[in-house]
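# give me a model of this one.
(one chain, ligands or ions: 2)
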Amino acid sequence: MDIVTAQEMYEWDRVAIEEAGITGAMLMESAGRAVTEDMLRHIKGSDQVVVLIGAGNNGGDGFVIARTLLNRGYNVETWQVVSDDKVRGDAKTHRALFQSSGYTYRTDLDGLEPSLERCDVIIDAMLGIGVKGNLREPFSTIVRQANVQRARRLAVDLPTGVPADESDDDIDAFRADATTVIAAPKMSAFLERTRPFYGEWSVVEIGLPVNELPKTDRKVWTREDVKRALPIREANSHKGSHGKGVVIGGSKHMPGSIAMSARAALRSGSGLITIATVDSAIPSVAPFIQEATYMGLEENDGFATGQAPDLSGFDGVAFGMGIGRDPDTRGLLEGVLEKVEAPLLIDADGLYELPLDQVRARRNPTVLTPHPGEFARLAEVSISDVIAHPFSLSRQFAKEYGVYLVLKGPSTIITSPDGEQLVDTSGNAGLAKGGSGDVLSGVLLAMMMQTDSLMEALANGCFLHGSTAEHLTVEKHSMTDLLANDVIEGLPVTFRTFSC
Ligand SMILES: NC(=O)C1=CN([C@@H]2O[C@H](COP(=O)(O)OP(=O)(O)OC[C@H]3O[C@@H](n4cnc5c(N)ncnc54)[C@H](OP(=O)(O)O)[C@@H]3O)[C@@H](O)[C@H]2O)[C@@H](O)CC1
Ligand SMILES: [K+]
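Residues are numbered from 1 along each chain as shown. Ligands and ions are numbered 1, 2, ... in the order given. Predicted coordinates:
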């Protein structure tokens, strides 16, 4: 499923109208009808519904929705919140159709607040992708009034006030319980600051000529994608068919991280996993992971040091989990960057003092898996910049350093060195715990060794990790008590849902 910017959406609209010959009014009719159909999940026959209509095409959709609901016998009050002369084009056409169907609308805004207080459902068709900057009157007052009502709030395409794209503006917007998105999700549905305004969102198809539309290089990675792209274990496979991987990390003081990465990699189908860690950590890790082999690293004060070991013959390498930030570890990291020919994933402490020029010089794939704080440090920007512009900053960085970037967050954005982006929205707050990143690195390593396309491997890995947390918090845990180790032990159930 493509993710669009406002500009891309307008281009799709243009192709539909100018090249495929679908009229704008026809598109609005199908959009309004498809949105109504979707919203009916949230509306009961006895509900009093208020439809709020703005000046642009989002308002035009509102007239179609109000007419469709009235035709079906629902109790609807229709409010056009701007003066008549502001409504033009296709929206005006649909207002005329609404009136010629025998329906009336109100514009006396003094009476709106009592209506909002009385109603059960508020449908926001005031502003969509055309919003620019902070809300002007009367929208800001109406949004403020609507947001405090007990009524269910449903938004058309996007909640009024939320821009479609990345933005630095403070957001003052309609707080929807649910949003019915037209044709394709907009970027803002995945951004930390704007995503909460959408509530639960769903996308409706509106009759655009899908095969003729320009492709975007940004997509949501869905369960169907995972089903199609997850590695299949052939009946005649042996341990060498699924990858021989090594996880390098851990320290005397932090042996747990590397153990969790290794175990997650094994649980995710790796053929063989070697744990490379400081000698002093091996006795505490080995009894818990008997399936792995071990490689001792030189150490200084409990931290790994010295030269990189021989890493030839491995199909994938993950570096950094629990390795610490001791300056003496730097030589090891530099050796790994230079020597490893297999795909190399770098996480956690490995990202702390990462020599980016050396990363850029690598001829083989490098995957970096930062959270926003780690990414801000790597890209030399502020965390608030990362929160506001994760798509564009990720793309810029991945292209500049030739890396695969997995920017973790409530929506994880995976970017290839040529700028293609996949977004994973699985997971929940139960994952906001120490150790989650270590588990994810193990799952990703396993996927990287079993799938030809690194992008698909990374997106599958993020999805498996996140959806495991989702099913565990429904079936046996809460978001409060869920631990990273529980996620490892929950992976088998997730895999089983894909194998049958
Ligand atoms: N494929 C498609 O594209 C399809 C699109 N469709 C629908 O059209 C929607 C896009 O329609 P759109 O382009 O008319 O923009 P829209 O969101 O209605 O807003 C424009 C109005 O907002 C106003 N305004 C702007 N900023 C403001 C502010 N801060 N505060 C206050 N007002 C502000 C602006 O006023 P102006 O600045 O011009 O004075 C203008 O009047 C899209 O989201 C979808 O619902 C479907 O019908 C079918 C197919
Ligand atoms: K809206």
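# pLDDT score for the one residue in the stretch 201-350 of the chain that gets nearest to ligand 2?
With Cβ to the ion, the shortest gap between the stretch 201-350 of the chain and ligand 2 falls at residue 201, namely 12.0 Å. From N, CA and C alone the C-beta is placed, and that goes for glycine too. Residue 201 is assigned a predicted lDDT (pLDDT) of 97.
# ok, residue 434 next?
Per the predicted model, pLDDT is 86 at residue 434.
# which residues does the nearest residue to it once chain neighbours are set aside contact?
In space, and not counting its chain neighbours, residue 434 is closest to residue 484: 7.1 Å by Cβ to Cβ, 6 or more residues apart in numbering. Going by Cβ atoms under 8 Å, 6 or more residues apart in numbering, residue 484 touches 260, 433-436, 438-439.
# please redo it, this time with the cut-off set to 6 Å
Applying Cβ atoms under 6 Å, 6 or more residues apart in numbering to residue 484 gives the contacts 260, 435-436, 439.
# list the contacts of the helix or strand containing the residue of the stretch 201-350 of the chain closest to ligand 2.
If you go by DSSP states H and E, residue 201 is part of strand 200-204. Strand 200-204 is contacted by residues 34-35, 38, 178-181, 185, 189 when judged by Cβ under 6 Å, 6+ apart.
# chain neighbours aside, what residue packs nearest to residue 286?
residue 294 (6.2 Å).
# so what strands line up beside the helix or strand hosting that neighbour?
In this structure, residue 294 sits in strand 293-297 according to DSSP H and E. Strand pairing for strand 293-297, using DSSP bridges, gives strand 272-278 (parallel).
# and after the partner strand, which helix or strand comes next?
helix 282-285.
# quick revisit: buried ones in the strand holding residue 294, by neighbour count?
By neighbour count on 16 or more other Cβ atoms under 10 Å, the buried set for strand 293-297 is 294-295, 297.
# now the following helix or strand past it, how far from the chain's geometric center?
Going down the chain from strand 293-297, the next helix or strand is strand 299-300, by DSSP H and E. With Cα atoms, centre = their mean, to the nearest Å as the basis, strand 299-300 stands 40 Å off its chain's centre.
# residues contacting strand 299-300, please?
The contact list for strand 299-300, computed with Cβ under 6 Å, 6+ apart, reads 278, 328.
# show me what contacts residue 473?
Neighbouring residues of residue 473 by Cβ under 6 Å, 6+ apart: 428, 430, 479.
# repeat for residue 332
Residues near residue 332 by Cβ under 6 Å, 6+ apart: 304, 308.
# residue 488 now?
Contacts of residue 488 (Cβ under 6 Å, 6+ apart): 263-264, 267, 439.
# got it, and residue 183?
Each residue near residue 183 by Cβ under 6 Å, 6+ apart is listed here: 206, 208.
# need the phi and psi values for it.
phi 70, psi -50 (degrees, to the nearest 10).
# would you mind measuring from it to residue 143?
To residue 143, residue 183 is 24 Å away according to Cβ to Cβ, to the nearest Å.
# point out where the stretch 101-250 of the chain drops to low pLDDT.
Within the stretch 101-250 of the chain, the ranges that satisfy pLDDT under 70 run 233-242.
# element containing residue 96, please.
If you go by DSSP H and E, residue 96 is part of helix 89-100.
# list, one by one, the residues from this structure near ligand 2.
58, 124, 155-156, 160 (Cβ under 5 Å from the ion).
# and the residues you listed as TSV, adding secondary structure?
Listed next are those as TSV, based on DSSP: H, G, I helix; E, B strand; the rest coil:
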residue	secondary structure
58	helix
124	strand
155	strand
156	strand
160	coil
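# if any of these are buried, put those into a PyMOL selection.
Buried members of the residues of the chain next to ligand 2, defined by 16+ other Cβ under 10 Å, are picked up in PyMOL with:
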select buried, resi 58+124+155+156+160
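# so residue 322 sits in a helix?
No. Going by three-state DSSP, the assignment for residue 322 is coil, not a helix.
# next one, pLDDT for the residue nearest the centre of the chain please.
Nearest to the geometric centre of the chain sits residue 411, at 2.7 Å (Cα atoms, centre = their mean). pLDDT recorded at residue 411 is 96.
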